[in-house]
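Asks: Pasting a predicted model and its sequence here:
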Amino acid sequence: MKPGRTRLRMKCVATDNGASPQTGEAQRAAAPGRRLLLSTAVVCLLASLVSLGACGGGASPSAQTQGPGDFQFSATSLLPATISAGSKATSTITITPENGFNGSVTFACSGLPGTVTCSFSPSSTTGSGTSQLTVATTAAIPPGRYAFSVSASSSIGNQSAELALGVAQPDGLITPIYFGIHGHNVNDPDWTQVAPFGALRLWGTGTSWVNLQPTNGAFDWKRLDNWMSAIQANGITHVLFELSGTARWASSDPNDTSAVCDFSDQDPPTNYGFCAPPSDLNADGTGPDQYWRNWVAAVSQHLQSVGSADGIAIDSYEPWNEFTRQASNSKVGAAVSWEGNDQQLVRMVQDARCIIVGNLGGSQTMEASGGQTCEQVLQSVNLSAPVDPSALFLSPSTGIGQTTKYLAAWDSYMSTPGAADASDGYAFHPYKTNPDMPLESEMLPLLLEFESDPTVTKGVQQGKPIWVTEGSWNTNADLPDPDDQAAYVAREYLLLFSVANIQRFYWYSLDQVCQTLGCDNVSNAQGGGTLLIPSGQAGCTNPNGCIQEAGVAYGQVYKWMAGTSQTTPCTNSQGTIWTCVFTRSSPAGYQAEAIWDTSQTCSNGVCTTTPVPVSSVYVQYRDLAGNVTAIVNNTVPVGEKPILLEN
């Protein structure tokens, strides 16, 4: 190389402690009151006076100037990725000399608020060396994500890295964003009559690839735009978008006419090939994968544009729905969601992550694509920078109904090179499979088994969240009694936050599920976890729809939980009787306790209860219908439907 000429290396620097430099998350600042996404903090290295579009914020994954007497500068992600107010996080800064560099490099921070200080030990290095960056917060810092820069300055020039510090909500605070929902009928009026949902997952909404690009040509955004308008009208501010499903024209199996693949029996033959990988992706994960890349780039850009205009955060993406439902582990004739292999899915996930987030979460090249970098992926879709480096990129989701088989498929995928690093968090779908077993005996053991999976355990330790991106009692036929349904929705929301540490729960679903992907015609619908029956279905004549008993219960448990803090898990120290304690900062001294008994039952509108002595602290209780009753003689009737004791 000629003296004085600048060369840019397009790679990220591996670190020794397992925390890899990542990009883009530094750009997000969570609004006060928002439950933080416990994703890994990120770093993007910039070349002096040069800005390239391969990493978040317009920088390359690792860009460094090189010439006589240059050095390479890297910074690890902050650990812990998210801290509480008054705590500290650290990063390791590394200087690696190149071409005989032996100068002094001095470190500094910029862009932090006054409630945060940063220090380096040592404050400078000569030649090669490392320094520990410590970021310390005061107790007064509000929750959020704080982007800042770390600079390395020498006589030959400056380099910088972008980091993000996450400050968590106070321990146990439950925010509205925990209460997610699925909707299927875009024309449903006033979803808020059930509850002011905090988040929505776009799936089963007619917004899949096949709907928005039915042929290999221009996209038709009308249906997606209609949904975004409905989301805005109902005050929902956070959206999870599901990328899953291959358009028939791009599918490697476009003539799959079996009814086994999800949606293949709906709107035939349009949806044939929905579960297969794209045709330009080889079995070993090689190939251009350009069809998928173009889809991901187009839909994520459109979502960001519309979301920004409407005040909606498209803050998360899920790359594939329930990929563990495969022909090899499902009952004959049962629906499957993925017909490719692990190598193909990892490649698709990595391509999508590069386009949206701008990094791979670990290694910065994709072996299956011949060592391509995210910069090259972005160039292939004519982007100079990722669409939204702040987005949380979840794992493909898994169900837990057949735990052993699904966990085997999960472990197989997660052990594929690149898979674990490409996920900022984990998505799974717990559904009731045994109508005769209470969810505490059926669901919780399955959830805890999933959380004990080595990959999940390691990720949680690194700050990766666990989300339930679908869940309910499954079809209404599986749990037909309205009282049982009300009890189920309340107990699941109470337990998932407390016992399983779930940070978002997207209930499935608000309304009836359409039998077509379009979901504009709801004349042929089925129920699944139904909270609201649209007008004209199942005998409902109310133009605003008919709220079911479970819908009323959902609204009540939202009022019970949103804005409260829960610092100790729910417990069944009294055998079949479960209790969960909550507090509020306002009014001062507020305390409440949810209580229910799994041994009690309901049938035909009659529910059994047992008298339970309670603390004299409590003077009244609320039920799932919204009624308030004074407590007499420190005793309350406890049944399968939770009640809330209040002081």
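Replies: Received it, and whenever you're ready, just let me know what you need. Numbering: from 1, shown residues only.

Asks: For the rest of this, base every contact and every neighbour count on C-alpha atoms.
Replies: Noted.

Asks: pretty sure residue 495 is touching residue 568, no?
Replies: No - using CA atoms under 8 Å, residue 495 makes no contact with residue 568, being 11.8 Å away.

Asks: If you count surrounding residues, which of those two has more?
Replies: residue 495 (22 against 13; other CA atoms under 10 Å).

Asks: Give me the spatial nearest neighbour of the more buried one, chain neighbours excluded.
Replies: The shortest distance from residue 495 to any non-neighbouring residue, by CA to CA, 6 or more residues apart in numbering, is to residue 570 (6.8 Å).

Asks: Counting neighbours, what do you get for residue 437?
Replies: Count around residue 437 with other CA under 10 Å applied: 12.

Asks: Could you check how far it is from residue 488?
Replies: According to CA to CA, to the nearest Å, residue 437 and residue 488 sit 11 Å apart.

Asks: Read off the pLDDT value for the residue nearest to residue 495.
Replies: pLDDT, residue 570: 92.

Asks: And for it, the neighbour number?
Replies: Residues near residue 570, counting by other CA under 10 Å: 21.

Asks: wait, doesn't it sit right on residue 593?
Replies: No - applying CA under 8 Å as the test, residue 570 and residue 593 come out as separate, 9.6 Å apart.

Asks: Mind listing the shared neighbours of these two?
Replies: Counting by CA atoms under 8 Å, 6 or more residues apart in numbering, the residues touching both residue 570 and residue 593 are 579-581.

Asks: Return the subset of those residues lying in strands.
Replies: 579-581 (DSSP state E).

Asks: wait, which of the shared contacts of residue 570 and residue 593 is closest to residue 554?
Replies: Proximity of these to residue 554 (CA to CA) peaks at residue 580, which lies at 16.7 Å.

Asks: ok, the residue nearest to that closest one when sequence neighbours are not counted - contacts?
Replies: Sequence neighbours aside, residue 570 is the residue nearest to residue 580 in space, at 4.3 Å (criterion: CA to CA, 6+ apart). Counting by CA under 8 Å, 6+ apart, residue 570 makes contact with 494-495, 498-499, 578-581.

Asks: From those residues, list just the buried residues.
Replies: Buried by 16 or more other CA atoms under 10 Å: 494-495, 498, 578-581, out of the contacts of residue 570.

Asks: Rank those residues by pLDDT and give me only the lowest.
Replies: residue 498 (87).

Asks: how close does that one sit to residue 196?
Replies: For residue 498 relative to residue 196 (CA to CA), the value is 21 Å.

Asks: ok, now residue 447?
Replies: Using CA to CA, which is the criterion applied here, residue 447 is 27 Å from residue 196.

Asks: that older thread, nearest to residue 121 among the buried ones among the contacts of residue 570?
Replies: Taking the buried ones among the contacts of residue 570 together and measuring to residue 121 by CA to CA, the closest member is residue 498, at 39.1 Å.

Asks: Can you tell me the SS state at the closest residue to that closest one other than its chain neighbours?
Replies: Distances taken as CA to CA, 6+ apart place residue 569 nearest to residue 498, at 4.9 Å, with adjacent residues excluded. Recorded secondary structure, residue 569: coil (DSSP: H, G, I helix; E, B strand; the rest coil).

Asks: The nearest residue to residue 468 once chain neighbours are set aside: which element?
Replies: Nearest residue to residue 468 in three dimensions, chain neighbours excluded: residue 505, at 4.7 Å (CA to CA, 6+ apart). In the assignment (DSSP states H and E), residue 505 maps to strand 504-507.

Asks: hey, C-alpha coordinates of that strand in CSV?
Replies: What follows is strand 504-507, C-alpha atoms only, in CSV (Å, rounded to 0.1, in the frame of the first residue of the first chain):
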residue,chain,number,x,y,z
ARG,A,504,-43.9,-9.3,26.8
PHE,A,505,-46.9,-11.5,26.3
TYR,A,506,-48.9,-11.2,23.0
TRP,A,507,-52.3,-12.8,23.7
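
Asks: contacting residues around that strand?
Replies: 177-182, 199-201, 466-472, 493, 496, 529.

Asks: again, only using 7 Å
Replies: Strand 504-507 has contacts (CA atoms under 7 Å, 6 or more residues apart in numbering) with 177-182, 200-201, 467-472.

Asks: could you pull out the strands for the stretch 1-150 of the chain?
Replies: 44-46, 70-75, 82-83, 88-98, 104-110, 116-121, 124-126, 129-137, 144-154 (DSSP state E, counting those that start in this stretch).

Asks: Need the ones in strands among the shared contacts of residue 570 and residue 593 in JSON lines (columns: distance to residue 602).
Replies: Formatted as JSON lines, those follow (distance: CA to CA, whole Å):
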{"residue": "579", "distance to residue 602": "20"}
{"residue": "580", "distance to residue 602": "22"}
{"residue": "581", "distance to residue 602": "25"}
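
Asks: for this protein, what spans make up the helices?
Replies: When assigned using DSSP state H, the helices of the chain occupy the ranges 209-212, 222-233, 290-310, 342-356, 374-380, 403-414, 439-451, 454-461, 482-498, 549-561.

Asks: residues in contact with the second one?
Replies: Helix 222-233 has contacts (CA under 7 Å, 6+ apart) with 186, 206-207, 310.

Asks: Just the buried residues from those residues, in PyMOL please.
Replies: The buried residues among these can be selected in PyMOL (16+ other CA under 10 Å) with this line:
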select buried, resi 186+206+207
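
Asks: Just flag the most distant two among the contacts of helix 222-233.
Replies: Among these, 206 and 310 lie farthest apart (CA to CA), at 20.1 Å.

Asks: Look up the closest residue to residue 221, ignoring the ones flanking it.
Replies: For residue 221, the spatially nearest residue (CA to CA, 6+ apart) is residue 212, at 6.0 Å.

Asks: Give me the neighbour count for the one you found.
Replies: Neighbours of residue 212 (other CA under 10 Å): 19.

Asks: Report whether the expected contact of it with residue 218 is present.
Replies: No - at 8.8 Å, residue 212 does not count as touching residue 218 under the criterion of CA atoms under 7 Å.

Asks: Quick check: the nearest residue to residue 275 once chain neighbours are set aside vs residue 309, distance?
Replies: Leaving aside its sequence neighbours, residue 275 sits nearest to residue 338 (CA to CA, 6+ apart; 4.9 Å). Distance, residue 338 to residue 309, using CA to CA: 34 Å.

Asks: okay, these two: which has more neighbours?
Replies: Ranked by neighbour count (other CA under 10 Å), residue 338 and residue 309 place residue 338 first, with 24 against 9.

Asks: Verify the stated contact: that one with residue 277.
Replies: No - contact criterion CA under 7 Å: residue 338 and residue 277 do not qualify, at 8.0 Å.

Asks: Go ahead and name everything in contact with stretch 318-329.
Replies: Here stretch 318-329 makes contact (CA under 7 Å, 6+ apart) with 241-244, 336-339, 349, 393-399, 405-406, 409-410.

Asks: Span of that stretch from start to end?
Replies: So stretch 318-329: terminal residues 22 Å apart, CA to CA.

Asks: again with stretch 637-647
Replies: Termini of stretch 637-647 sit 17 Å apart (CA to CA).

Asks: Show me which positions of that stretch end up buried.
Replies: 638-646.

Asks: Equivalent analysis for stretch 431-441, please.
Replies: So, applying 16+ other CA under 10 Å, buried residues of stretch 431-441: 431-433, 438-440.

Asks: where's the dip in pLDDT among the residues you listed?
Replies: Out of the buried residues of stretch 431-441, that is residue 433, at 76.

Asks: So which of the contacts of stretch 318-329 sit within strands?
Replies: If you go by DSSP E, the contacts of stretch 318-329 have 241-242, 393, 398-399 in strands.

Asks: could I get those residues as a markdown table with neighbour count?
Replies: As requested, the ones in strands among the contacts of stretch 318-329 are exported to a markdown table (neighbours: other CA atoms under 10 Å):
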| residue | neighbour count |
| --- | --- |
| 241 | 21 |
| 242 | 22 |
| 393 | 25 |
| 398 | 26 |
| 399 | 23 |
